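Enquirer: model the structure of this input:
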Amino acid sequence: MNDLREVSGLTNYKLARRGMMMTGLMSGLTLATTRVEAQVIHTDTTGIDAGEVKIPTADGELPGYFAKPQGAGPFPIVLVNEEIFGVHDYIKDTCRRFAKLGYAAIAPEVYARLGDLSKMTDVGQIFSQIVSKAPDATLMSDLDAAVKYAAAHGGDPNRLGVTGFCRGGRNTWLYAAHNPALKAAVAWYGPVVGTPTAIQPKTPMDIAGELKCPLLGLYGGKDTGIKVDDVQAAAAKARASDGIVEIVVYPDAPHGFHADYRPSYRAEDAADGWKRLQAWFRKYGVA
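Expert: All right, here's what the predicted structure looks like:
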């Protein structure tokens with residue numbers, strides 16, 4: 001197997017565990033995020049280089065996963081925002097899928113400072129101990145660092161896209177308002193509203209009028225935790241500020257319909273969304 005570890009290393013962390021009362025949880029998320037044993041799609045490494053890496057950040061290093069076509073490049077960069085379960089096999093496979101399409105895809109483990117998500121399965125615990133304690137300012141800085149890493153290892157920063165799933169979809173909205181170098185963004189069922197806190201002061205709804213690039217949102221009509229009306233309101237706010245936003249709603253899809261390792265997976269809708277993502281990136285200059 002082609003592997004980047006011999007070049008870039010793999011970071012090991014002493015991870016802190018902290019507790020607090022939960023400040024918020026998307027209703028209906030538990031069923032959608034139930035893990036199952038089998039993953040439907042398995043992408044090999046033929047023709048690509050892929051593996052775990054360490055990403056230099058403002059305060060040290062973060063673990064991550066990086067996949068790109070073999071060769072010098074430069075290749076267009078796709079920043080992949082993880083769900084709330086960390087950079088596990090599904091996220092790694094998604095990076096390899098991008099690499100097979102000609103992209104340099106990088107997925108930073110942005111919650112590594114706070115805990116080991118690979119050992120946590122309870123949604124409430126993950127939100128209360130990890131997600132709610134992750135400052136958005138640090139998140140944006142870490143995502144910038146991941147882009148910088150990809151650019152230094154065969155990626156083209158002038159052809160930059162971002163995507164993400166669930167909480168990563170929410171973070172995709174935020175990053176689309178943060179980085180003016182982005183060409184396009186695709187958010188998969190990312191929540192757009194929530195309760196602001198001191199360290200997470202703005203929701204996607206709050207920043208919708210500040211998007212720096214065209215954004216495609218892919219949502220499930222049967223997602224019990226995300227109201228389609230809220231998503232459409234965020235899109236309308238973006239358009240009122242001359243933003244380009246397209247929202248696609250799959251009527252029968254639940255939350256997590258792209259996650260092929262969970263019962264929420266809907267193969268037809270996931271495949272259609274993946275095709276739309278590729279078309280969106282081509283249309284707006286990532287590919």
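Enquirer: show me the shaky parts of the stretch 1-150 of the chain.
Expert: Counting by pLDDT under 70, the ranges of the stretch 1-150 of the chain that qualify are 1-38.
Enquirer: go with 50
Expert: 1-32, 35-37 (pLDDT under 50).
Enquirer: which residue ranges form the strands in the stretch 151-287 of the chain?
Expert: Secondary structure of the stretch 151-287 of the chain by DSSP state E, counting those that start in this stretch: the strands cover 155-165, 184-188, 215-220, 245-250.
Enquirer: so how far is Glu52 from the spatially closest residue to Arg167 that is not a sequence neighbour?
Expert: Excluding the flanking residues, the one nearest Arg167 by Cβ to Cβ, 6 or more residues apart in numbering is Ile84, at 4.8 Å. Every residue, glycine included, has its C-beta placed from N, CA and C. From Ile84 over to Glu52 the distance is 20 Å, taken as Cβ to Cβ, to the nearest Å.
Enquirer: next one: Ala270
Expert: Ala270 is 25 Å from Glu52, by Cβ to Cβ.
Enquirer: separation between Thr43 and Ala67?
Expert: Distance from Thr43 to Ala67, by Cβ to Cβ: 9 Å.
Enquirer: and the helix or strand harbouring Ile91, C-alpha only, in PDB?
Expert: Applying DSSP states H and E as the criterion places Ile91 in helix 89-100. Extracted C-alpha coordinates of helix 89-100, given in PDB (Å, rounded to 0.1, in the frame of the first residue of the first chain):
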ATOM      1  CA  ASP A  89     -12.100   4.800   7.700                       C
ATOM      2  CA  TYR A  90     -15.000   6.400   6.000                       C
ATOM      3  CA  ILE A  91     -13.400   9.900   6.000                       C
ATOM      4  CA  LYS A  92     -10.100   8.300   4.800                       C
ATOM      5  CA  ASP A  93     -11.900   6.500   2.100                       C
ATOM      6  CA  THR A  94     -13.500   9.700   1.000                       C
ATOM      7  CA  CYS A  95     -10.100  11.300   0.700                       C
ATOM      8  CA  ARG A  96      -9.000   8.400  -1.500                       C
ATOM      9  CA  ARG A  97     -12.000   8.800  -3.700                       C
ATOM     10  CA  PHE A  98     -11.000  12.400  -4.300                       C
ATOM     11  CA  ALA A  99      -7.500  11.300  -5.100                       C
ATOM     12  CA  LYS A 100      -8.800   8.900  -7.700                       C
END
